[in-house]
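Trainee: I would like to see how this sequence folds:
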Amino acid sequence: MIHVIAEIETTEDGREAFLEEFRKVVPLVLEEAGCIEYGATIDASTGIDRQAPLRDKTVTIVEKWSDADALRAHLDAEHMAAYRERVTDLVAGATLRILEPA
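Mentor: From the prediction side, this is the model:
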């Protein structure tokens, strides 16, 4: 199993529009072979002192895949290409971390 953490920095007012488009593609991704988990998260306001500063333009996508081949197929999927095209003007930057259990 592999874990994917994708941090997406949206444009100034783009986070809600980005999340709308993301939610549309989730059902298709969850049907993909090898997809275990796929969802968007945003920073939670908890009041916990040790928490990093909140980011109002960031969406963190948390994914789990059976293996790297399943992730590669996901990245190449037609619905993901269409999704990337729809959100391109809403994204200011992105970081992708691919992890494995320790």
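
Trainee: what about residue 63, is that helix, strand or coil?
Mentor: Here residue 63 is recorded as strand under DSSP: H, G, I helix; E, B strand; the rest coil.

Trainee: ignore what I typed, I meant residue 40.
Mentor: Under three-state DSSP, residue 40 comes out as strand.

Trainee: contacting residues for the residue nearest the centre of the chain?
Mentor: In the chain, the C-alpha nearest the mean C-alpha coordinate belongs to residue 61, at 2.7 Å (C-alpha atoms, centre = their mean). The contact partners of residue 61, by C-beta atoms under 8 Å, 6 or more residues apart in numbering, come to 4-8, 22, 38-41. Placement of C-beta: from N, CA and C, glycine included.

Trainee: if we use 7 Å, what do you get?
Mentor: 6, 8, 40 (C-beta atoms under 7 Å, 6 or more residues apart in numbering).

Trainee: can you pull out the helices in the protein?
Mentor: Remark: helices assigned in the chain by DSSP state H are 15-30, 68-76, 78-87.

Trainee: nearest to residue 51, out of those helices?
Mentor: Among the helices of the chain, the nearest to residue 51 by C-beta to C-beta is helix 15-30 (18.9 Å).

Trainee: list the buried ones in that closest one?
Mentor: Of the residues in helix 15-30, 15, 18-19, 21-22, 25, 28-29 count as buried by neighbour count, 16 or more other C-beta atoms under 10 Å.

Trainee: next one: phi and psi at the residue of the chain positioned farthest from its centre?
Mentor: Using C-alpha atoms, centre = their mean, the residue of the chain lying farthest from its centre is residue 49. It sits 26.2 Å away. The phi/psi pair for residue 49 (degrees, to the nearest 10) reads phi -60, psi -40.
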